[in-house]
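1. Predicted model, plus sequence, below.
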Amino acid sequence: MSTATNRRDFLKKSVLTAGAFTIVPRHVLGGPGFIAPSDRINFGYIGNGKQVKTLLDSFIRLPEVRVVAASDVDSKKLTRFKNWTEEYYSANPPKKRYKGCDTYSDYRELLARRDIDAVVIATPDHWHALQSIDALNAGKDVYCEKPMAHTIEEGRAMVKATRKNERVFQTGSMQRSWADFRKACELVRNGYLGEISKVLVNVGGPGIPCELPGQPQPDYLDWNAWVGPAVWRPYNAVLAPPIEDDGWPRWRDYIAYGGGTLADWGAHMFDIAQWALGMDESGPVKIVPPEDPGAQFGARFFYDNGVEMVHEDFGRGYAVRFIGSEGTLDVSRSFLDSNPAGIVTAELKDSDDRLYHSDNHYSDFTGAIKARTKPICDVEVGHRSSTVCSIGNIAYQLGRPLDWDPVMEQFTNDAVANRLRSKEYREGYRLM
């Protein structure tokens, strides 16, 4: 698959295509409500696994979107994606003739296309940074699944590439576009719970080492390309199950490819805590893991304003609980309630601060593409939330308290922890 040399060659060739961005802002062509033909946004999808059907359904229904290409190292998944896309356009023909969904086993070939404006990246976490940066350097806007980055170093590199190339980057932490989560954060921000002392965040446990045995490699999968920049290990169906097995792949459990459920769901729930606490460009300053080295819960995160955030199962599923001097508020995908009840039923005042209002995470991204603005879950936001997950994983792994400087983005008391801000890349791969 990709080597450092090949990636450099690709990027050199992409310089000429980066200026070929096909979206013309509507204010150039006409007044409000004017939709020019060039307002159609051509999408390519990189990674066609379990999550991609939701992402395809969410974007393909937007009138400004055309899905024109896909890439995956699994030929069965690639064919399935092509069929889904072309069946949709056959049943819902666009005004301009649709030429089909082209497929590529190498994502760099997709990125080299001049007519693709934006990409959706839904590959395993260990690929997010390299593919996002390649896409940004090729002039594409990026929607990247959460957790945005696999390491702290990768996240900062993704931010830098987004800013350098003046691209739009949306992280897939879509709870920010849900009304209950926004209201919960606005209630916290505006003091309806009084002074916040503690936040409980319930998600699953940290990542673990991968010790799965090798199995025969299926002929439809390029396993070498799937492993990519990660340290080599043989194929196992737990990591990349066939599409006939409709369950979720478990690569997320392993630190070589993900960050455990701590990172997978933490990128949703820690993200909401960060939003409510006004920490979108910062983070905790100290992390204290549980005393039991085998514990899956109990890490405590401390912010410089005195708020303590605890990774704790408080008995309501994956959710967040805010504890303030005037009461508590719980929020999840299935409930928003408080004690006393009047907190959550309170109507926000005209004078209250309001947060970015998005009712649709996907049209928010396309709207930002047209307006050339930051979306609700911009790359910096995604980086800061994935960083909370990363420093939590590092604390669980090392089993000792860590002091974190969110400005310098480094640990101030632990050289070993600082080395874990990055990771070892397989020969031939490096972070650009």
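-> Structure received.

2. longest helix anywhere in the protein?
-> Of all segments of type helix in the chain, defined using DSSP state H, the longest is helix 379-398.

3. Report the distance from the next helix or strand after that helix to the chain centre.
-> Scanning forward in sequence from helix 379-398 by DSSP states H and E, the next helix or strand is strand 402-405. Here the centre of mass of C-alpha atoms in strand 402-405, compared against the chain's by Cα atoms, centre = their mean, to the nearest Å, lies 23 Å away.

4. ditto for stretch 260-277
-> If you compare the mean C-alpha spot of stretch 260-277 with that of the full chain, they lie 11 Å apart, counting by Cα atoms, centre = their mean.

5. Show me what counts as buried in that stretch.
-> By neighbour count on 16 or more other Cβ atoms under 10 Å, the buried set for stretch 260-277 is 260-277. Any C-beta I mention is one placed from the backbone N, CA and C, and that applies to glycine too.

6. So which of the residues you listed are in helices?
-> Counted as lying in helices by DSSP H, out of the buried residues of stretch 260-277, are 260-264, 266-276.

7. Next, give me the two most distant ones among those.
-> Within these, two members stand farthest from each other by Cβ to Cβ: Gly260 and Ala276, at 23.3 Å.

8. Just give me the neighbour total for Tyr220.
-> Tyr220 has 14 neighbouring residues, counting by other Cβ atoms under 10 Å.

9. thought it was touching Asp74?
-> Yes - checked against Cβ atoms under 8 Å, the pair Tyr220 and Asp74 is within contact range at 6.2 Å.

10. could you list every residue that touches the closest residue to Asp313 other than its chain neighbours?
-> The spatial neighbour of Asp313 that comes closest, neighbours along the chain excluded (Cβ to Cβ, 6 or more residues apart in numbering), is Asn202 at 4.9 Å. Asn202 makes contact with Met269, His311, Glu312, Asp313, Phe314, Arg316, Gly317, Tyr318, Ala319, Val320, according to Cβ atoms under 8 Å, 6 or more residues apart in numbering.

11. now do 6 Å
-> For Asn202, the contacting residues are Asp313, Phe314, Tyr318, Ala319, by Cβ atoms under 6 Å, 6 or more residues apart in numbering.

12. Export only the CA atoms of stretch 321-334, formatted as CSV.
-> Taking only C-alpha atoms (Å, rounded to 0.1, in the frame of the first residue of the first chain), the coordinates of stretch 321-334 have been written out as CSV:
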residue,chain,number,x,y,z
ARG,A,321,-24.0,13.7,34.6
PHE,A,322,-23.3,17.2,35.6
ILE,A,323,-23.2,17.9,39.3
GLY,A,324,-23.7,21.5,40.4
SER,A,325,-24.4,23.4,43.6
GLU,A,326,-28.1,23.7,42.6
GLY,A,327,-28.7,20.2,41.4
THR,A,328,-27.7,17.5,38.8
LEU,A,329,-28.5,17.0,35.1
ASP,A,330,-28.2,13.8,33.2
VAL,A,331,-28.1,13.6,29.4
SER,A,332,-27.8,10.7,26.9
ARG,A,333,-29.2,9.8,23.5
SER,A,334,-32.4,8.6,25.2
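
13. when you give positions from now on, start the count at 581
-> All right, first residue 581 from here; so that's stretch 901-914.

14. Quick check: buried residues in that stretch?
-> Taking 16+ other Cβ under 10 Å as the neighbour-count basis, stretch 901-914 is seen to contain the buried residues Arg901, Phe902, Ile903, Gly904, Gly907, Thr908, Leu909, Asp910, Val911, Ser912.

15. correct me, but the last one touches Gly895?
-> No - applying Cβ atoms under 6 Å as the test, Ser912 and Gly895 come out as separate, 11.7 Å apart.

16. how would you label Asn663: helix, strand or coil?
-> Applying DSSP: H, G, I helix; E, B strand; the rest coil to Asn663 yields a three-state assignment of helix.

17. how close does the residue nearest to Asp893 get to Ala921?
-> Using Cβ to Cβ, to the nearest Å, we find Asn782 at a distance of 21 Å from Ala921.

18. swap in Gly979?
-> 41 Å.

19. Looking at those two, which one has more neighbours?
-> Neighbours around Gly979 and Ala921, counted as other Cβ under 10 Å, are more numerous at Gly979. The numbers are 13 against 10.

20. so what's that one up against?
-> Under the criterion of Cβ under 6 Å, 6+ apart, the contact partners of Gly979 comprise Pro869, Pro873.

21. redo that, cut-off 10 Å
-> The contact partners of Gly979, by Cβ atoms under 10 Å, 6 or more residues apart in numbering, come to Pro869, Pro870, Glu871, Asp872, Pro873, Gly874, Ala875.
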